[in-house]
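S.K.: Below is the sequence, then the predicted model.
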Amino acid sequence: MASGYVSKMVNVAVAAGCSLIIFCAASAQEAAPKPAAFTKTVHWAYQPVIAAARPAVRQQAWVRQPIDAFVLAKIEQAGLKPSLETDRATFIRRATLDTLGFVPTPQEVDAFVKDKSPDAYEKLVDRLLASEHYGERQARRWLDLARYADSTGFQNDNNRLNSWRYRDYVINAFNGDKPYDQFIREQLAGDEIAPNSKEALIATGFLTQYPDNHNARDLVQRRYQIITNITDTVGEVFLAQTVACARCHDHKFDKISEKEYFQLQSFFANIHEVNDIQADIGPEEQAFQKEQAVYDQATREIRAKRKAIIDSIREEGRRYYAERYLADARKSIFRNGENGEFKPESDWSALDRWMQHRVQNVTSDGNIADYLKDTSSPADPHYNPASKAKWDEYERLGKELDKYDDLKPNKGSVKISAMTELGHADAPKTFFNIGGNHERPDYEVQPAFPVAIAGNATPKIVPTASSSGRRTALANWIASSENPLTARVYVNRIWNEYFGRGIVSTVSDFGKAGARPTNPELLDYLAAEFVRGGWHVKPLHRQILLSATYRQSSSEREDAWKVDPDNKLLAVFPRRRLEAEQIRDSLLVAAGELNPKVGGPSVFAPIPAALNAGKLWPVSKDQADWNRRSLYIFTRRSVAYPLLETFDMASPQQVHSQRSVTTTPLQALTLYNSDTVFGWSQRLAGRVIEEAGNDESRQLDLLYEVLFARKPDKQERETLHGFLRAHEQTLKSHVVDGKLALAEPIGVKNPAALDLVRASAFVDLVHTVANSNDFSYRF
Amino acid sequence: MSNTTSRRDLLLGAGLGLGSLALGSALPGIARADDIQAIDPLAPKPTHFPGKARSVIWLHQFGAPSTLDLYDYKPDLIKLAGQEVPESFLKGIKTSTQGGVGKLFASKRSWKQHGHSGAWFSDLLPNLAQHADELAFIKASTTIGATHDISVLKLNTGDLNPGRPSLGAWVQYALGTSNPDLPAYVVLYAGKKEPTGGAVNWSSGFLPAIYQGTAFRPGPSPILYLDRPELIASAQQRENLDLLRSLNNYRAGRYPRDSELRARLNSYELAYRMQTAAPEAVDFSKESDATKKLYGLDDEITRDYGTNMLRARRLVERGVRFVHVVTGDLEILGDDENWDAHENLEENHSTHARAVDKPIAGLLADLKSRGLLDSTLVVWTSEFGRTSYGQSGNGRDHNPWGYTQWLAGGGSRAGYTYGQTDEIGLKSVDKPVDTYDLHATVLNLMGLDHLKVTYLNNGRSERPTVVYGEVVKELIA
């Protein structure tokens, strides 16, 4: 789901609808008292950020970081005390999962638990934030917002083989602690700000992530939908404003008019997706070129013959294919506005340019070949007697070519995808569309910011030699320290990551229909501090990780529950189900199988054959790729990787602001029955036997340390020993049946020395323990 | 772990339908567990008013059949065939020129009226025609879209872009499940692979993932990961699950109020039951030969779709709320094609119609004889129709302006026709029904007011029909 407050679901399920106006209607939000810190007239989120003084607290000794004072003040106001500090093992598991996205090793746990130095926590947190896996974890959060995917979606779901460069840009940005304001500017206007920087061009990949259907015939509608998608995304991600509501009517709750919506949209009026910018050649590109060369060599002759056939009808074929577009787009495409000759470039308007570029971008040789197919039939009005032989030959060659599919590189590219303005400063006109309907344009609008948010700020648009300059003006406003929303929205997202609930719980709606901050002083303190520190993200994480708030135990407390059942005050640390990627990556770490490689083209880990994904999922040839971290698995919009999907991974179809937590039998089936997961359990069992030796107690200790960062207690130990004894008997009776099919541990150096039945019982134990709640939660 | 026994007994004994649980990611260290039922998102929920349909079987004819060649009899089209489309008929619509906005095209159909209602059927649907008096025709269906993908999305989710919940997801959200051992929203597809575009068409969109459709795959084990790992035998699995329960119960003792942890514990038991319930639901061994024949399982051409129709009936019998069936590709002149007959309409439609005609007729007859038709709404639908003018000489292009769909059972008005297209069957001229209206009507038949099925998503109170939709009261008996 895009963004959800699932726990509220039941309340709103039957909330009364009120005919047509409910599209952007009032939420079933509880009416929070208005914080004193904000004045009545201006919506709180549009007021300037003002860093409040640290509040006075009674339990002064508890405070480790300034944020603790803000949290504690509220806890004390409610007559509560914070929770005790959690034990170190729980802490390192929590912090490692939160920052890196997988469980710590027993050695890491042990070292931290035994570290008696006064700065043990600081050393741990600094180590975590310096890890390159921190950038991966942060990137995944950002990619959720960016609706990142490696394919376009819709029926054909074409590959976007350059997308990974944007993903890596995001990883590197977090690892290098790129200031957030710069991060914003590069993603919105990198091509304008630094047209010669490949990194900046790649950054604009943020804008190119919209779902697309290359076969769309209504291009006027398609262009409108693309720009709409980008406008709505930018409003939601950076400003937490539901600007989309104002496309069809003035916003029902926020002071954003329909006109202002289209003014915002006009910043993106001149964008074009470009997919053929040459990338710098590094090791990934070389690997791709090497594979590609093998394929090219093997298929040179076939491809040349196919090309020759297409070349013989290329012009007719292109024209014929372009005739499929609807009437209004054909006006931009053809000289006569209908069919025949293409409109010459000298006659292109800014809008024509978009249409022409689109047609070029999406028309493949295969599309052109349609001409041959269609005109082969005597029934066809354009029947061409020469077509049939050519089509038959083209098809025959195509089947021949398919035989070499296995040689094709199935990852990587040598190109960059970016959003640019194709070297033109003149933008197509943007209209106020009545009721949001692009077929009902009313009057032209010019770029401007929503007044309620921006006040007197107006865009300073300076066209460049190759671009309208519009997006730079927008990016500068969003990334400005004067913008009341940007810093608040981002620090709130980070808070939400750690505590499972933002200070503003509606993390992508800071409008009136959204929630109010539970702790406005804290929000503004964090925002002001963030900007003051030069928009660096790591110090923000560091402060949270080193806070007393974050160190609290998650154990239930009756007294806190009575006063604050939703735990808004954070008097207790919120335990949380691991996210999809955390589950898979942690299982891989536990099994000793994770391939820690950072970055590079997306990979295809095997999926169940029953999905029949065919060419949409060419499993990676290099088996080392199968165990890459989850964020490197190819994000195909039409085929979600099932193990992740079932645990509520982000849907790439829209901005995904918050991971939901659902608990379903299908998850149980997946985690318990998947051969892949079971294989990891076999490896984990092997690893434990190998490292702990034959002593059953030591094996159980190590297993628990790997998965839970703790040893089993007495009662658990008894249960586990008891299980092994009984289970061994069950398996033996099974063997007597003549079936010797036993699951063995994998990776044991001397398997001959194993008692197979006993070892197999242990595999079952490992698999079961890995399925237990203690693994899938962080406490 | 004797101290946990009582707790477990309490949980299991309470018999709470705690199949699944969706909670906000903001769940605090201590969750509210005072009413477990209230946070089980699949708990059965009351309808807004009494509705006859308890289940829906959504028959999506993928690729868009030409209803001009199935139901929408237009003598004028036959008369004018071969002539240019009169300009007046094209007013207000955006066409493409590929293959020519060809001359009016008539296929080689013969037409007859059937039943007391006198509904027209072409010779392509002889079996379905026998059920003329069960159907409520929507003859003036309209939608948006020039390509399948956006229109299929709109048909299923109400939007031209991916991201909104499908109708089945909304139904499940609004009504919960009546059989926790099976998914409440099941997708069936014919052919070897999933329909193109895939899961976005049965997605839960912004609703929690728990409401998305579960694809039932061909074969005896319909759900992904339903089978135990090969090397774990049944008795073994039971022991493993008992261990799991005892470990989870023991630790949950530290979080007595945490219903999410307990729901996860229970989800393993439900999964265990599903391992039996799902294969049983698709096991035809107890179906009589006569039944199998009724669905066309004895004939190669009808076997695939017939299997899905029989599966649909068995799922509905077992309380599944929404069965979403998508037609697949069939071999047409050497190529795998769906209903999308831009050319060779004759070969395409005679093959596709044959594949679905008998199975759908069989489904209607079987539902009726078992007394299930009154509570089961069958919807025959597609993303759009096809044009009255020809394309490529012997095919038809896409037509979102006027085409036929129908309802049967579930409280719909049997033997009735609503709306009509113009004289050549190109555009709706009377009582147009958009996908939103269809959704509103389906929900109404299930006892749901489409305006009151709402979900708060990022500040917006969303509903299945976006900002549109009117119940077509005339279609309700």
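M.R.: Done, it's in.

S.K.: show me the biggest helix of the chain in terms of residues.
M.R.: Unless you meant another one, I'm taking chain A. Longest helix of chain A, by residue count under DSSP state H: helix A:283-322.

S.K.: looking at chain B here, not the other one
M.R.: Max-length helix for chain B by DSSP H is helix B:345-369.

S.K.: Tell me which residues of it come out buried.
M.R.: Within helix B:345-369, the residues that qualify as buried are B:345-346, B:348-368, counting by 16 or more other Cβ atoms under 10 Å in any protein chain shown. All C-beta spots, glycine's among them, are computed from the backbone N, C-alpha and C.

S.K.: Need the pLDDT of B:Leu16.
M.R.: The model reports B:Leu16 with a pLDDT of 32.

S.K.: next one: A:Asp177
M.R.: For A:Asp177, the model assigns a pLDDT of 98.

S.K.: thought it was touching A:Gly534?
M.R.: No. Taking contacts as Cβ atoms under 8 Å, A:Asp177 lies outside contact range of A:Gly534: 9.6 Å.

S.K.: Of all the residues in the stretch 301-450 of chain B, which one is nearest chain A?
M.R.: B:Gly393 (2.8 Å; Cβ to the nearest Cβ).

S.K.: contacting residues around that residue?
M.R.: A:Ser377, A:Pro378, A:Ala379, A:Asp380, A:Pro381, A:Tyr383, B:Gly102, B:Glu343 (Cβ atoms under 8 Å, 6 or more residues apart in numbering or on different chains).

S.K.: Doesn't A:Ala52 lie inside a helix?
M.R.: No. With DSSP: H, G, I helix; E, B strand; the rest coil as the criterion, A:Ala52 is assigned coil and is not in a helix.

S.K.: Just give the closest residue to B:Ser151, not the sequence neighbours.
M.R.: Excluding the flanking residues, the one nearest B:Ser151 by Cβ to Cβ, 6 or more residues apart in numbering or on different chains is B:Gly145, at 3.2 Å.

S.K.: For A:Leu703, grab phi and psi.
M.R.: With angles defined as degrees, to the nearest 10, A:Leu703 sits at phi -60, psi -50.

S.K.: cool, A:Pro441 as well?
M.R.: phi -70, psi 140.

S.K.: residues touching the closest residue to it other than its chain neighbours, list them.
M.R.: Spatial nearest neighbour of A:Pro441, excluding adjacent residues (Cβ to Cβ, 6+ apart): A:Phe431 at 3.5 Å. Residues near A:Phe431 by Cβ under 8 Å, 6+ apart: A:Phe262, A:Pro441, A:Asp442, A:Tyr443, A:Glu444, A:Val445.

S.K.: In contact with the first one, which residues?
M.R.: With contact set as Cβ under 8 Å, 6+ apart, A:Phe262 has these partners: A:Arg247, A:Thr430, A:Phe431, A:Phe432, A:Asn433, A:Val445.

S.K.: Report how many residues lie close to the last one.
M.R.: Pointing back at A:Val445 there. 21 (other Cβ atoms under 10 Å in any protein chain shown).

S.K.: now do the fifth one
M.R.: By other Cβ under 10 Å, 21 other residues sit near A:Asn433.

S.K.: for the residue nearest to A:Leu756 when sequence neighbours are not counted, helix, strand, or coil?
M.R.: Nearest non-adjacent residue to A:Leu756, counting by Cβ to Cβ, 6+ apart: A:Leu742, 5.8 Å away. Under three-state DSSP, A:Leu742 falls in the coil class.

S.K.: from what I can see A:Leu742 touches B:Ile232, true?
M.R.: No. The criterion here is Cβ under 8 Å, and A:Leu742 misses it with B:Ile232 at 9.8 Å.

S.K.: neighbour-wise, which of these two wins?
M.R.: Per other Cβ under 10 Å, whichever of A:Leu742 and B:Ile232 has more neighbours is B:Ile232, with 22 against 19.

S.K.: Next one, pLDDT for that one please.
M.R.: The model's pLDDT for B:Ile232 equals 84.

S.K.: residues in contact with it?
M.R.: A:Phe678, A:Ala743, A:Asp764, B:Asn240.

S.K.: Secondary structure element for the first one, which one?
M.R.: Yep, that's A:Phe678 we're talking about. helix A:675-692 (DSSP states H and E).

S.K.: Going by secondary structure, the residue nearest the centre of chain B is in what exactly?
M.R.: By Cα atoms, centre = their mean, chain B has its centre lying nearest to B:His324, at 2.4 Å. Per DSSP H and E, B:His324 falls inside strand B:322-326.

S.K.: From the rest of the structure, what touches that strand?
M.R.: With Cβ under 8 Å, 6+ apart, strand B:322-326 has contacts from B:55-60, B:62, B:156, B:166-168, B:171-172, B:184-190, B:195, B:201-202, B:213, B:308-309, B:311-312, B:315-316.
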